[in-house]
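> any chance you can model this:
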Amino acid sequence: MSDWNFTGVLAKVARVIPDRVAIVYRDRELTYAELISRASALALHLSREGVAQGDRVAIDLPNVPEYLESFFAAQLIGAIPMNVNYRYGPEETAYLLKDSAASAIVFHQDYASTVYDSLSLLGYSANVSLLEVLDDSGDGQHSAPTPSGSISYEDVVQRSLQDLDIDDDGMPSMPYTPSGDDIIIIYTGGTTGMPKGVMWRNDDLYVALWNISGRSGEPRDPVEYVRSGRSAPSILAASPLMHGTALFTTLQTLVGGGRVVLMGKGKFDAEKTWKAVSRYGINMIQIVGDAFARPMLRYLEEHYNELDLSELRIIASSGMLWSSSVKNKMLSYLPDVLLIDSLGASEGLSGRAVVSRESLAEDRPVFKISDRVKVINDSGEEVKPGAGEVGRLAVYGRVPLGYWGDPQKTESVFYEANGVRYSIPGDFATVESDGTIQFIGRGSACINTGGEKVYPEEVEAILRSHRSVEDCVVVGVPDERWGEAVTALIVPSADALDSGDRSVEATSGDKVAGSGSIDVEELYSYCHSRLSGYKVPKQFIQLTSLRRAPSGKADYRYLRSLAGELLADVSTSLGDAPKFIDNRDSGMSTQ
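From the prediction side, this is the model:
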């Protein structure tokens, strides 16, 4: 039985390449020796504060070095690092802190007020160690009041560095030996319901990430690999570390001796991203589908000749699918770059869809799955290739232990048969005749219309391939005739607006039209030519934003409610024509 632990491997790698740069953030460069020393100093402080093996350390930070230092520090004392979505408000943050019973919270100064309010809701603070990361950019928005008892993260690290036991190699000693059994918790919000804490053993996650890269068997010896002097990648984690994929990719890079470039807080900025890729010779960018790829493409079209992208080899995406039209346009500028869609949830890593100039993207990505993935039907039988049957993805072998503190949900998603653990998180797919799979969608967001099942992601992939659509989400809205009517909420692309003004006014004041700001009839026909009739949206709502989370996930529950409200007063005089609402000037919050 293997015993891989990310922090344990990092400590060994740091001894081989202590002076190599591990993390770049703004004008700061953190070497491997500095990273493990700072993490050890924080671990010493947490231990003195009473944080012990198995306790949870909540990390409420953007993409800054302190996020990774806090992750490794928790593991250095056998505690469990866990993520907090920094977009959450006080109620949601309070839920996470209560559900996890966190013993320590590391938070950014911009989120101090949220942490304060969440602790007030819970009625406690004195028994939680609170560390505040101050913004050194000069543009921090310190939000008062600060939680009582919180102290400066950097002050703690600097003081504790003086108390570390340093061995003959100049590295801090490790009083606790990290184990493959040590837990990492990834709280995932999904598309519906409250967040769930997915529990991964270090060893299982380490091996699963190795296998998902297309490599079988046990991982190579990272220390020997680094000692051999072979090159290691430089990656830019553009998507948030608080979500699984960016964190997993970053961990893989660091245990392999690579370099991670972090972009800090704030909204995604395509210009800053491309300039960082050019400046640092980035080999791989981690993004969130079209939410990142479309603005990146627009900047590339205007500034390609100003950038040095000669070192770029891979752009990888997860969280939301990446439309084929954007991929293919990007390849026209980056012909030697691989574009990768990752399939899978925090509950299990499934497969990848790889697109290159030799294999341009189709409307819907086709995923190559690992030998640890099956598609099973409702009878528990494996779906036969080419049968056209929709089944659920089942990942087996190296999968999470379950959900933190929720045996009922764990039992519904994870089970064991013949000594093998399975994870079935609710992803639906078909198996093609060549053994590849087409992802259909998440069962939790499935629409039942006229007795037929419609998976939103399938319809969204077609909509996004149309030139007029920048982003979209498809939901089911209650309907007397169909049970649920397939409804598309759309953010139009920059060149999508047509000159038509054939509109009528709904009682709510929203524009309703057969063809208005976007050419709905054209979009409707486009979908009809690529989808079965019952899957084609019957209603279209145009918005300025879909309020996606930084991970790219859409809040289907909120958008379904919004669509229902907007459609409630719409005149039905248009008959069978697709209904259209332009709600861009409604003042809808995009926070």
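> what distance do you get for Val115 to Leu10?
To Leu10, Val115 is 28 Å away according to C-beta to C-beta, to the nearest Å. Quick note: C-beta positions are derived from backbone N, CA and C, even for glycine.
> more neighbours, the two?
Val115 (27 against 24; other C-beta atoms under 10 Å).
> what's around Asn418, how many residues?
4.
> which pLDDT value goes with it?
In this model, Asn418 is scored at 74, pLDDT.
> equivalent analysis for Ala345, please.
The predicted local confidence for Ala345 is 68.
> now do stretch 164-181: everything it contacts.
1-8, 11, 14-15, 18, 33, 36-37, 40-41, 44, 53, 75-78, 201-204, 206 (C-beta atoms under 8 Å, 6 or more residues apart in numbering).
> in PyMOL, select just the buried ones from those residues.
Selection of buried members from the contacts of stretch 164-181 for PyMOL, criterion 16 or more other C-beta atoms under 10 Å:
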select buried, resi 4+5+6+7+8+11+14+15+18+33+36+37+40+41+44+75+76+77+78+201+202+203+204+206
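> in strands, which of the contacts of stretch 164-181 appear?
Arg201 (DSSP state E).
> contacting residues around Tyr153?
42, 66, 106, 131-134 are the contacts of Tyr153 under C-beta under 8 Å, 6+ apart.
> let me have those in JSON lines, extended by distance to Cys527, secondary structure and neighbour count.
Converted to JSON lines, those look like this (distance: C-beta to C-beta, whole Å; DSSP: H, G, I helix; E, B strand; the rest coil; neighbours: other C-beta atoms under 10 Å):
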{"residue": "Leu42", "distance to Cys527": "52", "secondary structure": "helix", "neighbour count": "27"}
{"residue": "Glu66", "distance to Cys527": "46", "secondary structure": "helix", "neighbour count": "24"}
{"residue": "Val106", "distance to Cys527": "46", "secondary structure": "strand", "neighbour count": "27"}
{"residue": "Leu131", "distance to Cys527": "50", "secondary structure": "strand", "neighbour count": "25"}
{"residue": "Glu132", "distance to Cys527": "50", "secondary structure": "strand", "neighbour count": "22"}
{"residue": "Val133", "distance to Cys527": "46", "secondary structure": "strand", "neighbour count": "26"}
{"residue": "Leu134", "distance to Cys527": "50", "secondary structure": "coil", "neighbour count": "14"}
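> from those residues, which is closest to Val383?
For the contacts of Tyr153, the closest approach to Val383 (C-beta to C-beta) belongs to Val106, at 44.2 Å.
> against Val454, how distant is the closest one?
42 Å.
> related to what we said a few turns ago, out of the contacts of Tyr153, which is nearest to Thr436?
Glu66 (40.9 Å).
> how close does that closest one get to Leu205?
22 Å.
> Leu76 now?
17 Å.
> and for Ala112?
From Ala112 to Leu205 the distance is 31 Å (C-beta to C-beta).
> and if you look at Ser179?
13 Å.
> the two - which one has more neighbours?
Using other C-beta under 10 Å, the more surrounded residue of Ser179 and Leu205 is Leu205, with 25 against 17.
> let me see the contact set for the more buried one.
Applying C-beta under 8 Å, 6+ apart, the residues near Leu205 are 6, 184, 248, 398.
> repeat that for Ala488.
Counted by C-beta under 8 Å, 6+ apart, Ala488 has contacts 459, 463, 472-474, 537, 539-541.
> dump those into JSON lines; add neighbour count as well.
What follows is the contacts of Ala488, written out as JSON lines (neighbours: other C-beta atoms under 10 Å):
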{"residue": "Val459", "neighbour count": "23"}
{"residue": "Leu463", "neighbour count": "23"}
{"residue": "Cys472", "neighbour count": "27"}
{"residue": "Val473", "neighbour count": "29"}
{"residue": "Val474", "neighbour count": "28"}
{"residue": "Pro537", "neighbour count": "26"}
{"residue": "Gln539", "neighbour count": "22"}
{"residue": "Phe540", "neighbour count": "22"}
{"residue": "Ile541", "neighbour count": "26"}
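> mind jotting down where the strands sit in the stretch 101-250 of the chain?
104-108, 129-133, 151-152, 183-188, 196-201, 234-237 (DSSP state E, counting those that start in this stretch).
> winner for burial among these?
Mean neighbours per residue, mean count of other C-beta atoms under 10 Å, is largest over those for strand 104-108, with a mean of 26.
> that strand pairs with which strands?
Strand 104-108 pairs in its sheet with strand 56-60 (parallel), strand 129-133 (parallel), by DSSP bridges.
> put together JSON lines for the strands of the stretch 101-250 of the chain, with distance to Lys579 and mean pLDDT on each row.
Below are the strands of the stretch 101-250 of the chain laid out as JSON lines (distance: least, C-beta to C-beta, whole Å; pLDDT from 0 to 100):
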{"stretch": "strand 104-108", "distance to Lys579": "43", "mean pLDDT": "96"}
{"stretch": "strand 129-133", "distance to Lys579": "48", "mean pLDDT": "93"}
{"stretch": "strand 151-152", "distance to Lys579": "55", "mean pLDDT": "94"}
{"stretch": "strand 183-188", "distance to Lys579": "34", "mean pLDDT": "95"}
{"stretch": "strand 196-201", "distance to Lys579": "35", "mean pLDDT": "95"}
{"stretch": "strand 234-237", "distance to Lys579": "41", "mean pLDDT": "96"}
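> any idea which of these gets closest to Ala22?
strand 234-237 (10.8 Å).
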